[in-house]
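Asks: Sharing a model prediction with you, sequence too.
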Amino acid sequence: MKTKIFQICFEEYQLDKVDFRLTPFDNTENAKPELREYHNFVKIMNDGLADHLDAWGVFGPRWNEKLKVSSDVLFKEIEDNPLKDVYIFNHARIHDALFFNVWDQGEYYHKGLKDVAKHILQKLDYDVGILDLLMGYHNTCYCSYFVGKQYFWIEYLDFLEKVIKELDNLPKKLYDVFNQSANYTRDKNLNLFPFLVERMFSTFISLKNYRIHAMPYDYSVYRNQIGNFTDVLQVLSNLKTLTIKYNSEEIFAQWNDLRTFILKNHPQILNLD
């Protein structure tokens, strides 16, 4: 299977520092900074850079720092599971363990994001109940750390194009919410666009029947920073996984109590992702 993971390079110096197993993607011009990764997805597709590939993905330059794994691990996960359609490499292990789903997490940081998503999905005739789906590692991804087969990308980008068209027709109240500052620490001028599109990936794959392979979480990567508290995170993640597997209200209550306690008393833990 012919697979490429493109690494976006925003600065000239990054072009020579790309991991040997990844493919540099020159975005130093950064013609559409407000569109973030979406612009690069479309450009790769439209320029034919993925035409000869079976599967591909587009990672940001900080992927190694965030994922805390080598490129060999990424490609082995893909090579060992050739029959899957989509491969997820979610770096936000702690966020997944602590939040109900990507929209719950989005509301924590960007108030009104879920209302915008609900309006758009309604306009596109999707069941908005998907926004209240309890999500786990198998359908959760933040940033653009995923790889998909070519047919997935065609369908996914078509979906995103429809989502973006609806953004031009938001009612005034939601338009104002959408265009407010997202309070993103690295760029205070950003509106909600990248954070909406980012979460639409998890929603899209939850609406479809793709065969998913998600790289298992390893909370030991935080051990140097938080010691044995990593074991608490692993328990929290396990409780969430069991809740989804068995649809258990009892296990859900245990997970919810523990995650609520941590969010209230140790919110700084989120900064590790």
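Replies: Good, I have the coordinates.
Asks: in the protein, which spans are helices?
Replies: Per DSSP state H, the chain carries helices over the ranges 12-15, 37-46, 63-67, 71-79, 93-98, 102-109, 113-123, 150-167, 172-178, 193-207, 223-226, 229-246, 249-265.
Asks: Redo those as TSV? Include mean pLDDT, distance to residue 1 and mean neighbour count.
Replies: All C-beta atoms are positioned from the backbone trio N, CA, C, and that covers glycine. Listed next are the helices of the chain as TSV, based on pLDDT from 0 to 100; distance: least, CB to CB, whole Å; neighbours: other CB atoms under 10 Å:
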stretch	mean pLDDT	distance to residue 1	mean neighbour count
helix 12-15	94	26	12
helix 37-46	93	18	18
helix 63-67	96	21	17
helix 71-79	98	7	16
helix 93-98	98	27	24
helix 102-109	96	28	20
helix 113-123	97	33	19
helix 150-167	97	11	16
helix 172-178	93	39	14
helix 193-207	96	20	21
helix 223-226	96	34	12
helix 229-246	97	28	17
helix 249-265	98	36	14
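Asks: Can you say which of these is nearest to residue 144?
Replies: Of all the helices of the chain, it is helix 37-46 that lies closest to residue 144, at 4.5 Å by CB to CB.
Asks: The closest one packs against which elements?
Replies: Other elements packing on helix 37-46 under the criterion 3 or more CB pairs under 8 Å, 6 or more residues apart in numbering; DSSP states H and E are strand 3-9, strand 55-59, helix 150-167, helix 193-207.
Asks: Could you dump those into CSV with distance to residue 82 added?
Replies: Below are these laid out as CSV (distance: least, CB to CB, whole Å):
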stretch, distance to residue 82
strand 3-9, 10
strand 55-59, 9
helix 150-167, 14
helix 193-207, 18
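Asks: Can you check which of these gets nearest to residue 88?
Replies: Closest among the helices and strands packed on helix 37-46, using CB to CB: helix 193-207, at 8.2 Å.
Asks: who's in contact with the closest one?
Replies: Contacts of helix 193-207 from elsewhere in the structure, counted by CB atoms under 8 Å, 6 or more residues apart in numbering, are 34-38, 86, 101-103, 106, 109-110, 113, 116-117, 121, 126, 130-131, 133, 135, 139-144, 146, 156, 159-160, 163-164, 167, 178, 182, 184, 212.
Asks: In contact with residue 162, which residues?
Replies: The contact partners of residue 162, taken as CB under 8 Å, 6+ apart, are residue 124.
Asks: Likewise for residue 128?
Replies: Listed by CB under 8 Å, 6+ apart, the contact set of residue 128 reads 118, 121-122.
Asks: Quickly note the distance from it to residue 122.
Replies: From residue 128 across to residue 122, the span is 6 Å (CB to CB, to the nearest Å).
Asks: ditto for residue 27
Replies: Plainly put, residue 27 is 33 Å away from residue 122 if you go by CB to CB.
Asks: what do you get for residue 51?
Replies: With distances taken as CB to CB, residue 51 is found 35 Å from residue 122.
Asks: What of residue 191?
Replies: Relative to residue 122, residue 191 is positioned 21 Å away (CB to CB).
Asks: same deal with residue 67?
Replies: 34 Å.
Asks: Then residue 158?
Replies: 19 Å.
Asks: same check, this time on residue 69
Replies: 38 Å.
Asks: returning to that earlier point: and of the helices of the chain, who's closest to residue 6?
Replies: Residue 6 lies closest to helix 37-46 among the helices of the chain, at 6.3 Å (CB to CB).
Asks: how much does the closest one deviate in direction from strand 55-59?
Replies: Relative orientation of helix 37-46 with respect to strand 55-59: 150 degrees, computed using axes from the mean of the first three to the mean of the last three CA atoms, to 10 degrees.
Asks: Let me see the contact set for the residue most central in space within the chain.
Replies: The chain has residue 142 as the residue nearest its centroid, 2.2 Å off, counting by CA atoms, centre = their mean. Listed by CB under 8 Å, 6+ apart, the contact partners of residue 142 are 90-92, 95, 102, 105, 198, 273.
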